[in-house]
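S.K.: Need coordinates for the below:
(one chain, ligands or ions: 1)
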Amino acid sequence: MFKKITLFLIFICYSVSAQTSYRNLSTENWTFNKQNEVKKHKATIPGTVHTDLFQNQLIPDPFFGNNEKQLQWIENENWEYETHFTFSKSELKNQNIDLEFEGLDTYATIYLNGKVVLEADNMFRKWTISAKSHLKIGTNHLKVVFHSAVQKGKEEAKKLSYTLPEKERVFVRKAQYQFGWDWGPRFVTAGIWKKVQLKFWNSAKIEHVKYEQKVLNESVANLDFIFTIYAEKSGKYQIKLGQKPFPFVLKKGQNVVKVPVTIQNPILWWCNGLGVPHQYLFQFTLEKNKKLIDQNDLKIGLRTIELIQEKDHIGKSFYFKLNGKSVFMKGANVVPPDSFLPRVSDSTYFSLVENAKKANMNMLRVWGGGVYFDDAFYEACDANGILVWQDFMFACSMYPGDEKFVENVKQEVIDNVNRLQNHPSIAIWCGNNENDEGWHNWGWQKQFNYSKSDSTQIWNDYKKVFHEMIPQTLDSLLPKEKNIYWSSSPSIGWGRKESLLQGDSHYWGVWWGKEPFEIYEKKVGRFMSEYGFQGMPNVETLKKVMKNGDLNFTSDAFKNHQKHPTGFETINEYMARDYVIPKDFEDYLYVSQLLQARGMKIAIEAHRRAKPNCKGTLYWQLNDCWPVTSWSSVDYYGNWKAFHYQVKRSFENLILSVEKHNSDIYKFFVINDGMQNYAGELKAEVRNFQGQLLWEKKSYCASEANSNVTAVLLPFVPLKEIDTQNSYLKLAYISDDNHFESVFFFEKPKDLKLQKPNIKIKSIDELTIEISSDVLAKDVFLSSEINTFFEDNYFDLLPNEKRIIKLSKAVKEIKVKSLFDTL
Ligand code: BMA
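M.R.: Just a heads-up that it's a prediction; the model follows:
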């Protein structure tokens, strides 16, 4: 949602075209070859060497079967990319011509007409060269030589007298997950991974714009837009916002210019679930002698964000206030959506964020082992009211701290913070993922046999980057109101009790620690920024990357699509605790998803019940970078697992949750994160799986908007008199036109006496079905041959209940499965 502020923004038509212009070089004819090999092949820019090799049929599909293993040689080679492009006389007339690489992965030597014009060494930076003196009219030759990042990393590692964890990966400023992760394959890519272009500019260019929010209240917003402008020629210039001119004099070189703007009765930007993410569009032009020189469009959202850390009866709070209101953050961690990043289109990012929004999230954490995402991701977050926890790109290790490395990271921080800081979605900047936790808890000192002075050196290097350089750089770039920095996520490792008393927590006692799901009810921290459990993808997803004959537990192909060393054993161990383990492969995939959804429901609801002591829950992980068994709730192809449907339910603004208080007394919680007040009847009833009413209780309940949790004690559920294996507790809250429901089982799924349900599906219209069952149908899973999206899925269908479900595409046939079918 955005609105042009027409008061200022009447677009002006110029008789001359904008003097800054671009020529995309990505669309030229590019070739690539292995260094020292004569044969050249067609290349796609932006791209990677792996995808280019695949497109030329020189290697098989990297994701298919076990192919990953035989493709490891690629990372050790050097690769050359080149193009010849013609350049015209009129192009050369421009005063300035920059050659801009939006992204080079990673160690690249750039030759322009035979001359080295750049040596790049950081995938996260933008590289710009002043190119005019190297260009000529006619044919030009641009060549980029990529040196193996793995070899470079190894050379760097040798320079140290001690070994850093994760070997070569920490020395290269390159997406860390490419070196293999516990959900990702190892594909250490190389290539021109973002756009390459020529920028023509005259007199001056806008380098970047940021803004400070001086005043923001109900009646007025006072903003200062701060332009960094590089001028070739000193003189009189003006910035125009619509018709309004702001004249100033520029000196030759870099200039900083302020443009104050006032907005009356400002409309605030709100996150999903709390309001509308309103945005304002500003269109600025830079002029000299009434001629357009450059322009810049900026979409912003007016909001304040604060991280509140105050001493309290537990320890120290950790929560966010948006526009002065304390917000419970609900969301997930995001990883790069592909192993081969140039394949990630804007629409991939849009649907990623859409999936978050549909599941009622208001925050995503961009995890530090991946990349700073493309603008499209942040634009989608801005437009959908999703706040962003932005890590810097470091994860699960210790990093070097020499001058060259630190300076390289500093430039990376500057590039990315300047690119991203105007997005209203960005809430917090975070130094790294689990480096601090790893250093203090993972035993590296012993494993790598560090001497006292090694340890001091490594920790000092850590402090230099994450406690000094990054926050100092942020101070120089960000206005105060946007400068929230947290040096490492989590602040304290999950093995220590303090981790639940302050800061953010990654709780991995479940999964890594093999503790039961129920422990989530006890291990609730102040802000849960990671916790998770694996679930397998659907068979249709697996079929895309393995032969039918490999769809079994023992095939190498299936095993290769699980990257956690004991992943399958862990799933099986937890499954045996709660479910009857199915023998059939497809049934197993389905039950693994139910298991994941069950565990995560327990976690999320425990976190939400603990409000206000806990004020955030971001599970691990929203998405995947390839088709794999992982912690994701949405698979690589965008299919929702059972978990994502559960997330949607558990993240509703108002939920009803149940906790056993003691023996036969249950606690019934109304959790309201929304902006609406409710008051009405709370009804609890126990029915058997055939639908017969066994017990009921009613009471009155009021739940205030964005309030703390309302808990009601259900005095007595006569458990001794009912067959708990054949009954469920249904909770309903009815307030005016609103109806909220939740179903609770007294026993684990494996102990339920399920009967064969007779499930009926009636077509209401092409895209709507009605589904019902005579007896309880547990975990109903709907699927179809064509890939249709069911608005609801993996739900418990209560006896004689009718559910209406929308489909995204019309289907001929719908397949139905429920837990009974796996027994
Ligand atoms: C988290 C992440 C990742 C990892 C995940 C699952 O802590 O930060 O490093 O993939 O655990 O093990």
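S.K.: alpha carbons only for contacts and neighbour counts from here, please
M.R.: Fine.
S.K.: any low-confidence regions in this protein?
M.R.: Low-confidence segments of the chain, defined by pLDDT under 70: 1-18, 713-716.
S.K.: quick one: furthest residue from the center of it?
M.R.: In the chain, the residue that sits farthest from the middle, by CA atoms, centre = their mean, is residue 721; the gap is 48.2 Å.
S.K.: phi, psi of residue 429?
M.R.: phi -110, psi 130 (degrees, to the nearest 10).
S.K.: check contacts around it.
M.R.: Residues near residue 429 by CA atoms under 8 Å, 6 or more residues apart in numbering: 389, 390, 391, 392, 483, 484, 485, 486.
S.K.: Let me see the contact set for the fifth one.
M.R.: Contact criterion CA under 8 Å, 6+ apart gives 428, 429, 474, 475 as the residues in contact with residue 483.
S.K.: right, and residue 137 touches residue 85 too?
M.R.: No - contact criterion CA atoms under 8 Å: residue 137 and residue 85 do not qualify, at 10.1 Å.
S.K.: Secondary structure and distance to residue 633 for the contacts of residue 483 - can I get that in CSV?
M.R.: What follows is the contacts of residue 483, written out as CSV (DSSP: H, G, I helix; E, B strand; the rest coil; distance: CA to CA, whole Å):
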residue, secondary structure, distance to residue 633
428, strand, 24
429, strand, 24
474, helix, 33
475, helix, 36
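S.K.: Now restrict those residues to buried residues only.
M.R.: 428, 429, 474 (16 or more other CA atoms under 10 Å).
S.K.: and the last one, what does it touch?
M.R.: Yep, that's residue 474 we're talking about. By CA under 8 Å, 6+ apart, residue 474 lies in contact with 417, 483.
S.K.: Could you rerun that using 6 Å?
M.R.: By CA atoms under 6 Å, 6 or more residues apart in numbering, the contact set of residue 474 is empty.
S.K.: Quick check: it vs residue 272, distance?
M.R.: 27 Å (CA to CA, to the nearest Å).
S.K.: same deal with the second one?
M.R.: Here residue 429 is placed at a distance of 20 Å from residue 272 (CA to CA).
S.K.: now do residue 138
M.R.: In terms of CA to CA, residue 138 sits 53 Å off from residue 272.
S.K.: More neighbours: the two, which one.
M.R.: With neighbours defined as other CA atoms under 10 Å, residue 138 and residue 272 compare such that residue 272 has more, 24 against 11.
S.K.: distance of the more buried one from residue 697?
M.R.: Residue 272 is 34 Å from residue 697, by CA to CA.
S.K.: repeat for residue 180
M.R.: 54 Å.
S.K.: Output the longest helix belonging to the protein.
M.R.: Using DSSP state H, we find that the single longest helix of the chain is helix 585-609.
S.K.: Now the element after that helix, going C-ward?
M.R.: Sequence-wise, the next helix or strand downstream of helix 585-609 (DSSP states H and E) is strand 616-619.
S.K.: tell me what the next helix or strand after that next one is packed against?
M.R.: Using DSSP H and E, the helix or strand that follows strand 616-619 in sequence is helix 642-650. On a contact count with 3 or more CA pairs under 6 Å, 6 or more residues apart in numbering; DSSP states H and E, helix 642-650 meets helix 585-609.
S.K.: Next, count neighbours for residue 546.
M.R.: Other residues close to residue 546 by other CA under 10 Å number 19.
S.K.: same question but for residue 380, I mixed them up
M.R.: Residue 380 is flanked by 20 other residues according to other CA under 10 Å.
S.K.: What helix or strand is it located in?
M.R.: Going by DSSP H and E, residue 380 is part of helix 375-384.
S.K.: Also residue 416?
M.R.: helix 403-420.
S.K.: got it, and residue 108?
M.R.: strand 107-112.
S.K.: Name the next helix or strand downstream of that strand, please.
M.R.: Downstream of strand 107-112 (by DSSP H and E), the next one is strand 115-121.
S.K.: Show me which positions of that following strand end up buried.
M.R.: Those would be 117, 119, 120, 121, for strand 115-121 by 16+ other CA under 10 Å.
S.K.: quick one: the nearest residue to the last one once chain neighbours are set aside and residue 155, what's the gap?
M.R.: Using CA to CA, 6 or more residues apart in numbering and skipping the chain neighbours, the partner closest in space to residue 121 is residue 107 (4.5 Å). Using CA to CA, one gets 13 Å for the distance from residue 107 to residue 155.
S.K.: So which of these two has more stuff around it?
M.R.: Taking other CA under 10 Å, residue 107 and residue 155 do not tie; residue 107 has more neighbours (24 against 13).
S.K.: Compute the distance between residue 150 and residue 157, please.
M.R.: Distance from residue 150 to residue 157, counting by CA to CA: 10 Å.
S.K.: ok, now residue 458?
M.R.: 13 Å.
S.K.: between these two, what contacts are shared?
M.R.: Joint contacts of residue 458 and residue 157 (CA under 6 Å, 6+ apart) do not exist.
S.K.: In contact with residue 815: list those residues for me.
M.R.: 782, 783, 784.
S.K.: Can you spell out which residues form a bridge with it?
M.R.: residue 783 (DSSP bridges).
S.K.: Okay, helices next: where are they in the stretch 401-550 of the chain?
M.R.: Remark: helices assigned in the stretch 401-550 of the chain by DSSP state H, counting those that start in this stretch are 403-420, 435-441, 444-447, 452-462, 470-477, 539-543.
S.K.: the inter-axis angle of the fifth one versus helix 403-420?
M.R.: Taking axes from the mean of the first three to the mean of the last three CA atoms, to 10 degrees, helix 470-477 and helix 403-420 form an angle of 40 degrees between their directions.
S.K.: buried ones in helix 470-477?
M.R.: Neighbour-count burial for helix 470-477 [16+ other CA under 10 Å]: 470, 471, 474, 477.
S.K.: of those residues, closest to residue 546?
M.R.: Nearest to residue 546, judged by CA to CA, of those is residue 470 at 43.8 Å.
S.K.: Quick check: the closest one vs residue 434, distance?
M.R.: 16 Å.
S.K.: before we move on, what about residue 642?
M.R.: 28 Å.
S.K.: same thing with residue 775?
M.R.: 47 Å.
S.K.: ok so, going back, would you convert the contacts of residue 815 into TSV that also reports neighbour count and distance to residue 631?
M.R.: Below are the contacts of residue 815 laid out as TSV (neighbours: other CA atoms under 10 Å; distance: CA to CA, whole Å):
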residue	neighbour count	distance to residue 631
782	17	22
783	16	22
784	15	24
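S.K.: in the stretch 101-250 of the chain, which spans are helices?
M.R.: Under DSSP H, counting those that start in this stretch, the stretch 101-250 of the chain gives helices at 149-158.
S.K.: In it, what residue spans correspond to strands?
M.R.: Applying DSSP state E, counting those that start in this stretch to the stretch 101-250 of the chain gives strands spanning 107-112, 115-121, 127-130, 138-147, 179-181, 184-186, 196-201, 204-216, 220-231, 235-241, 244-250.
S.K.: Quick check: neighbours of the fourth one in the sheet, parallel or antiparallel?
M.R.: The one in question is strand 138-147. Strand 138-147 is paired, per DSSP bridges, with strand 79-87 (antiparallel), strand 107-112 (antiparallel).
S.K.: swap in the fifth one?
M.R.: Sheet pairing of strand 179-181 (DSSP bridges) gives strand 184-186 (antiparallel).
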